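1. this is a predicted model, with the sequence first.
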2 protein chains.
Amino acid sequence: MASNRARGRGEQPAEELADRWHSLAIHLLRRLRREDVKAGLTGPRLSALSVIVFGGPITLGDLATAEQVRPPTMTRLVRALEEEGLVRRENDSTDGRVVRVRATAKGESLLTAGRTRRVRKLMQPLAALTDAERKTLHDAAAILARVIGRLS
Amino acid sequence: MASNRARGRGEQPAEELADRWHSLAIHLLRRLRREDVKAGLTGPRLSALSVIVFGGPITLGDLATAEQVRPPTMTRLVRALEEEGLVRRENDSTDGRVVRVRATAKGESLLTAGRTRRVRKLMQPLAALTDAERKTLHDAAAILARVIGRLS
DNA sequence: GCGAGTTAGTTAGCTGTGCTAACAAATTTG
DNA sequence: CAAATTTGTTAGCACAGCTAACTAACTCGC
């Protein structure tokens, strides 16, 4: 029961963590953006493509929700992916309004085969960490994902 | 010596971690951006202001380096901060080329007093974590910062 | 079954962040 | 002192996010 709110010695106050992670997210993304550009696909597009590939055919609205983005933003991301031949739009047979998005073979292979190349730069320093450090990052990722989910 | 590269059971392969964190950074930033906008200052501006406030008067070039951004980008960020009265430009007395950027009282108070409001949304779910979870996030932040630093 | 309301997506237009290329001004150096 | 370097700015591009306003399609109540 001393697990929450108490703020004893050695504990991490939420405010400090929030500041720290805010800054980290900005800097991490700036770095990754450079690599993404070299890899030919930007972060948001790659992220959307990943959902499409692993989430099967999905409606544009669901995709926007999954990516925590407004519909117009997703419309544009999907159009960009479509123009590169990575995804295909399909009409729903029972509801003429909805648009289903499906990955093409090219889109799938780009995501899976291109995966290593894309994250290579980030992987190098990660591979140099100890197992314990990687475990910490692994655990932190799960916690952070939950935190993000609760931001609503 | 089993600490690196081995990939035994329970270890986290660098590739998986890289993918995971890439995605996390994108989603975290999208969420934070909304709050930043409400708070009146965007992430990059806030981040730059923070360096200016705590890093004393600093040249524009050093600021760009610290923020891992190109000079033109920093020129624009500083101009935006200046227009809001949060920072001031100063000419160097010995070198006419350099521009020193200093935080105004308004800038300092916005950063310190406004800090809680700004990160409040992120703090709520963080405060709900256990001490152990916050410690994991704290440790992960340090590791990630190093990883980012090594991306070069 | 038809008109009102709702839902899914798109278009238009804005703000903001990042970049490179090209430049001006100041300083340093040969 | 002329050439090279350094510091910062301007111009212009690509991209991602948003809201407002719209079209098309569906659902529901009468």
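-> That came in fine, so what should we check first?

2. number of residues surrounding the closest residue to A:His27 other than its chain neighbours?
-> Once flanking residues are discounted, A:His27 sits nearest to B:Ile148: 5.6 Å by C-beta to C-beta, 6 or more residues apart in numbering or on different chains. In short, each C-beta sits where N, CA and C put it, glycine included. Look at B:Ile148: counted by other C-beta atoms under 10 Å in any protein chain shown, it has 20 neighbours.

3. correct me if wrong: B:Ile148 contacts A:Arg31.
-> Yes. With contact defined as C-beta atoms under 8 Å, B:Ile148 reaches A:Arg31; the gap is 5.8 Å.

4. centroid residue for chain A?
-> A:Ser47 (4.6 Å; C-alpha atoms, centre = their mean).

5. so which strand or helix has that residue?
-> Assessed by DSSP states H and E, A:Ser47 sits inside helix A:43-54.

6. close to chain B, is that helix?
-> Yes. Helix A:43-54 reaches chain B (C-beta under 8 Å from any C-beta of the partner chain) through A:43-44, A:46-47, A:50.

7. for the residue nearest to the centre of chain A, which non-adjacent residue is spatially closest?
-> Going by C-beta to C-beta, 6+ apart, A:Ser47 has B:Ile26 as its nearest residue, at 5.2 Å.

8. sec struct for the one you found, please.
-> helix (DSSP: H, G, I helix; E, B strand; the rest coil).

9. what's the neighbour count on the residue in chain A that chain B sits nearest to?
-> Chain B sits closest to A:Ala140 of chain A, with a gap of 3.3 Å, by C-beta to the nearest C-beta. When neighbours are defined as other C-beta under 10 Å, A:Ala140 has 24 of them.

10. and whatever helix or strand A:Lys135 lives in, how far out from the chain middle?
-> Assigned by DSSP H and E, A:Lys135 belongs to helix A:131-151. Taking C-alpha atoms, centre = their mean, to the nearest Å, one finds helix A:131-151 lying 14 Å from the centre of the chain it belongs to.

11. what pLDDT, on average, does the strand or helix carrying A:Glu15 get?
-> Here A:Glu15, judged by DSSP H and E, is contained in helix A:14-39. For helix A:14-39, the mean per-residue pLDDT is 81.

12. one more: stretch A:84-96?
-> 93.

13. is stretch A:93-101 in proximity to DNA strand D?
-> Yes. Using C-beta under 7 Å from any atom of the strand, stretch A:93-101 reaches DNA strand D at A:94-97.

14. mind listing what's buried along that stretch?
-> With burial defined by 16 or more other C-beta atoms under 10 Å in any protein chain shown, the residues of stretch A:93-101 counted as buried are A:99-101.

15. and of these, the nearest to B:Ala105?
-> Looking at those and their distance to B:Ala105, the nearest is A:Val101, at 51.1 Å (C-beta to C-beta).

16. for the closest one, which residues are in contact?
-> For A:Val101, the contact set (C-beta atoms under 8 Å, 6 or more residues apart in numbering or on different chains) comprises A:52, A:57-60, A:63, A:78, A:87-90.

17. cutoff 6 Å now
-> A:52, A:58, A:78, A:87 (C-beta atoms under 6 Å, 6 or more residues apart in numbering or on different chains).

18. one more: A:Ala132?
-> Contact analysis of A:Ala132 by C-beta under 6 Å, 6+ apart lists nothing.

19. which bits of chain A sit near DNA strand D?
-> So far as C-beta under 7 Å from any atom of the strand goes, chain A lies against DNA strand D at A:42-45, A:68-70, A:72-73, A:76-77, A:80, A:94-97.

20. got a winner among the residues you listed for most neighbours?
-> A:Leu77 (23 neighbours).

21. and the residue nearest to that one when sequence neighbours are not counted, what's its pLDDT?
-> Distance criterion C-beta to C-beta, 6+ apart; nearest residue to A:Leu77, sequence neighbours excluded, is A:Ala48 at 4.9 Å. On the pLDDT scale, A:Ala48 is placed at 95.

22. just give me the neighbour total for A:Ala48.
-> A:Ala48: 28 surrounding residues under other C-beta under 10 Å.

23. check which helices and strands the helix holding A:Glu15 sits against.
-> helix B:14-39, helix B:43-54, helix B:120-127, helix B:131-151 (3 or more C-beta pairs under 6 Å, 6 or more residues apart in numbering or on different chains; DSSP states H and E).

24. output the ones you listed as CSV; include the columns distance to B:Lys106.
-> Output for the helices and strands packed on helix A:14-39, formatted as CSV (distance: least, C-beta to C-beta, whole Å):
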stretch, distance to B:Lys106
helix B:14-39, 15
helix B:43-54, 11
helix B:120-127, 21
helix B:131-151, 29
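
25. any idea which of these gets closest to A:Gly107?
-> Once the helices and strands packed on helix A:14-39 are compared by C-beta to C-beta, helix B:14-39 is nearest, at 16.3 Å.
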